[in-house]
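[1] Here's a sequence, model it:
(one chain, ligands or ions: 1)
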Amino acid sequence: MSILLLLIPTILIGILSYYLWLWTYWRRRGIPGPLGYPFVGVFPQTLKSEYPQYLQMRDWTKQYGPVYGYTEGTIKSLIVSDIDLVHELFVKQYDNFYGRKLNPIQGDPEKDPRSNLFSAQGFRWKRLRAISSSTFTNNSLRRINLTVEDSAVELLRHIEEKTAGGKEIDMLQFCQDFTMDVIGCIPMRQMDSQIIFGDNRKHIPLIGGVFPKFAEFFRFFMLKFPFLGAANFIHVNKTMINAVNNRIAQREKDAENGIELGEPQDFIDLFLDARADDVEHFGESNGDFSKSTSYSNRQLTTSEIVGQCTVFLIAGFDTTALSLSYSTYLLATHPEIQRKLQEEVDRECQNPEITFDQLSKLKYMDCVIKETLRLYPLGTLANSRRCMRATKLGDVEVEVGTMVQVDTWSLHTDPKIWGDDAKEFKPERWTNPDADQIFQKGGYIPFGLGPRQCIGMRLAYMEEKMLLSHILRKYSFEIGKKTEIPLKLVGRATTQPTSVWMQLKLRN
Ligand code: HEM
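    Below you'll find the predicted structure:
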């Protein structure tokens, strides 16, 4: 009994000291930054959906400068917005930072059989990337150009109905319908986006960050008992597993009946067909990637296909819809830029159908989309890396397991990089070769940089150009009574406007 009385306080003091030690990690190293609270660090600030963490990070950058640190539970993050450090992180020191920042509740990327392109690291990532890349080649994009156009035309019909009599519409919802139609595997298209992105899981990252050793255990329970907060995730996952299994069964049945494979219907087909011919020939330059032998398969397993389709849905649907809706807002508030863009579209896209080659001639449209993503780099949660080998980033010694997050919002509007008009919407700046130089150097990263740059970037551009061209040939975006200026931004994984109401005026 007396031993117990001694043991319990000792354990409690040990745990307390451990958490306080972690909490003051950056202070002890002389790196500035917000402290937050014991045990949870800055989690209460970074998990607020009503004030997205990227805006919060931007505020802290103003306060602490381009390099600072904070803790979220036991997760130690270094935040950077210095162009040279960004380039070093993503490109020069890729071998030291090849993992992405993950919460322990997301599982171990080395062991999870459903580990996907977004979370995987090392050889496994290389293999998934090589296999997935074949679905984003020019040829593949050309093949789906028609599907993307069908979705755009369908949306235009829908817009026609809803704007009858001069009614205002919320472009955010319309853009989401469009991108879901393009990206959603057929069985997911009817699913409410709230189910996929419903914001009811604030406690899950918190538990994972504060109690990493028990993350596997919590994960197991949350997947067993949906009411604990993972109901939406479980539903999406089950629907995807059924969809993939049904498609495999259908293919087997067709093969038995001598029916040949047709054109791919969606990502499930693309992934079932995808293979990487050079997967077995990846020579690794260092020991960290050497766990290669168990993954030398050229094709994806069923679990991997489920993981890939789910991550493509999550990474590709909302991001592209948001980017589109920000563009419509910026065009409505900058009519002279909209007119110039309409002139380009009228000139280059004269036939009813818009081809892949015509889309590539829309140079001013490229500038508008680039500039939109400079001012609204909505998907920057992904612009992070995990330190896999101890190194130095600038003057800071970075230990294995430390996360490095780029504050993209500050980087993209830094007057030292972009000039005094950094906060203005000026697509013309992209006609100056200096802007592309900034991109090469790491100052413009809406799609990240280096080997892990967004794999869906070209698909996103294609979708956006297709929809904007179809709409702008017929309508002009105009500010309406309900348009919020400036937009009110919310969100956690992505930064989104609460709504993008506007009027679509028929052109003469
Ligand atoms: C405007 C639309 C989009 C934006 C702003 C965006 C943004 C990003 C960013 C910032 C990253 C991190 C890159 C890095 O770490 O260097 C990323 C990665 C990724 N994105 Fe996108 N994305 C968009 C569209 C898409 C689409 C359409 C898809 C798929 C169909 C997609 C799938 C992915 C995947 C799988 C990754 C992880 C790549 C890897 O680690 O190898 N994204 N995206």
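[2] How about the contacts made by His87?
    441-442, 449 (C-beta atoms under 8 Å, 6 or more residues apart in numbering). Just so you know, the C-beta spots here come from the backbone N, C-alpha and C atoms, and that holds for glycine as well.
[3] Where does it sit, in terms of helix or strand?
    According to DSSP states H and E, His87 maps onto helix 83-87.
[4] re earlier: any chance of the contacts of His87 in a markdown table with secondary structure, neighbour count and pLDDT as columns?
    Output for the contacts of His87, formatted as a markdown table (DSSP: H, G, I helix; E, B strand; the rest coil; neighbours: other C-beta atoms under 10 Å; pLDDT from 0 to 100):
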| residue | secondary structure | neighbour count | pLDDT |
| --- | --- | --- | --- |
| Lys441 | helix | 15 | 92 |
| Gly442 | coil | 23 | 94 |
| Leu449 | coil | 22 | 96 |
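[5] got the buried residues for the next helix or strand after the helix holding His87?
    Per DSSP H and E, helix 83-87 leads on to helix 122-133 as the next helix or strand towards the C-terminus. The neighbour-count check on helix 122-133 (16 or more other C-beta atoms under 10 Å) flags 122-128, 130-132 as buried.
[6] State the distance from Leu102 to Pro415.
    33 Å (C-beta to C-beta, to the nearest Å).
[7] do the same with Asp434
    Applying C-beta to C-beta to Asp434 and Pro415 gives a distance of 14 Å.
[8] Around the ligand, which positions in the stretch 151-300 of the chain sit nearby?
    With C-beta under 6 Å from any ligand atom as the criterion, the stretch 151-300 of the chain meets the ligand at residues Ile183.
[9] pLDDT below threshold where in this protein?
    1, 184-201, 228-229, 275-298 (pLDDT under 70).
[10] Tell me where it has strands.
    Secondary structure of the chain, counting by DSSP state E: strands at 67-72, 75-80, 169-170, 384-386, 391-393, 396-398, 403-406, 475-478, 489-490, 496-497, 501-506.
[11] Quick one: closest of the ones you listed to Gln45.
    strand 67-72 (8.9 Å; C-beta to C-beta).
[12] That closest one - contacts with which helices or strands?
    If you count contacts as 3 or more C-beta pairs under 8 Å, 6 or more residues apart in numbering; DSSP states H and E, strand 67-72 packs onto helix 25-28, helix 53-64, strand 75-80.
[13] which bits of the chain sit near the ligand?
    Residues of the chain lying close to the ligand by C-beta under 6 Å from any ligand atom are 90, 117-118, 129, 183, 311-312, 315-316, 319-320, 323, 378-380, 382-383, 446-450, 452-456, 459-460.
[14] What remains of those if I keep only buried residues?
    90, 117-118, 183, 311-312, 315-316, 319-320, 323, 378-380, 382-383, 446-450, 452, 454-456, 459-460.
[15] Surely Leu313 touches Ile183?
    Yes. With contact defined as C-beta atoms under 8 Å, Leu313 and Ile183 form a contacting pair (6.1 Å).
[16] Tell me which residues touch Ile337, please.
    Counting by C-beta under 8 Å, 6+ apart, Ile337 makes contact with 330-331, 368, 425, 427.
[17] so how far is Gln53 from it?
    Ile337 is 30 Å from Gln53, by C-beta to C-beta.
[18] What of Asp82?
    Taken as C-beta to C-beta, the span from Asp82 to Gln53 is 19 Å.
[19] Sort out for me which of the buried ones among the residues of the chain next to the ligand are in helices.
    Counted as lying in helices by DSSP state H, out of these, are 183, 311-312, 315-316, 319-320, 323, 459-460.
[20] hang on, the earlier thing: more crowded one of Leu102 and Pro415?
    Leu102 (18 against 10; other C-beta atoms under 10 Å).
[21] dump the residue contacts of the more buried one.
    109, 119, 386.
[22] My guess is the second one contacts Lys111. True?
    No. Using C-beta under 8 Å, Ser119 and Lys111 do not qualify as a contacting pair, with a distance of 11.3 Å.
[23] Between these two, point out the one with more neighbours.
    Using other C-beta under 10 Å as the criterion, Ser119 and Lys111 rank with Ser119 on top: 20 against 8.
[24] nearest spatial neighbour of the more buried one, skipping sequence neighbours?
    Pro109 (4.7 Å; C-beta to C-beta, 6 or more residues apart in numbering).
[25] before we move on, what about Val311?
    Asn116 is the one closest to Val311 (C-beta to C-beta, 6+ apart), at 4.0 Å.
[26] Tell me, how many residues neighbour the one you found?
    Asn116: 24 neighbours (other C-beta under 10 Å).
[27] again, but for Met388
    Close neighbours of Met388, defined as other C-beta under 10 Å, add up to 19.
[28] hmm, back to that, closest to the ligand out of the contacts of His87?
    Leu449 (5.4 Å; C-beta to the nearest ligand atom).
[29] Please name the residues that touch that closest one.
    With C-beta under 8 Å, 6+ apart, Leu449 has these contacts: 86-87, 90-91, 442.
[30] let's see 7 Å
    Neighbour list for Leu449: 90-91, 442 [criterion: C-beta atoms under 7 Å, 6 or more residues apart in numbering].
[31] picking that back up, could the strands of the chain go into CSV alongside mean neighbour count?
    Formatted as CSV, the strands of the chain follow (neighbours: other C-beta atoms under 10 Å):
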stretch, mean neighbour count
strand 67-72, 24
strand 75-80, 24
strand 169-170, 18
strand 384-386, 22
strand 391-393, 17
strand 396-398, 17
strand 403-406, 25
strand 475-478, 19
strand 489-490, 17
strand 496-497, 24
strand 501-506, 19
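[32] Switch the ones you listed over to JSON lines; also include distance to Arg219.
    Listed next are the strands of the chain as JSON lines, based on distance: least, C-beta to C-beta, whole Å:
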{"stretch": "strand 67-72", "distance to Arg219": "18"}
{"stretch": "strand 75-80", "distance to Arg219": "16"}
{"stretch": "strand 169-170", "distance to Arg219": "36"}
{"stretch": "strand 384-386", "distance to Arg219": "19"}
{"stretch": "strand 391-393", "distance to Arg219": "30"}
{"stretch": "strand 396-398", "distance to Arg219": "27"}
{"stretch": "strand 403-406", "distance to Arg219": "19"}
{"stretch": "strand 475-478", "distance to Arg219": "44"}
{"stretch": "strand 489-490", "distance to Arg219": "27"}
{"stretch": "strand 496-497", "distance to Arg219": "27"}
{"stretch": "strand 501-506", "distance to Arg219": "40"}
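[33] Would you tell me which of these gets closest to His203?
    strand 67-72 (13.4 Å).
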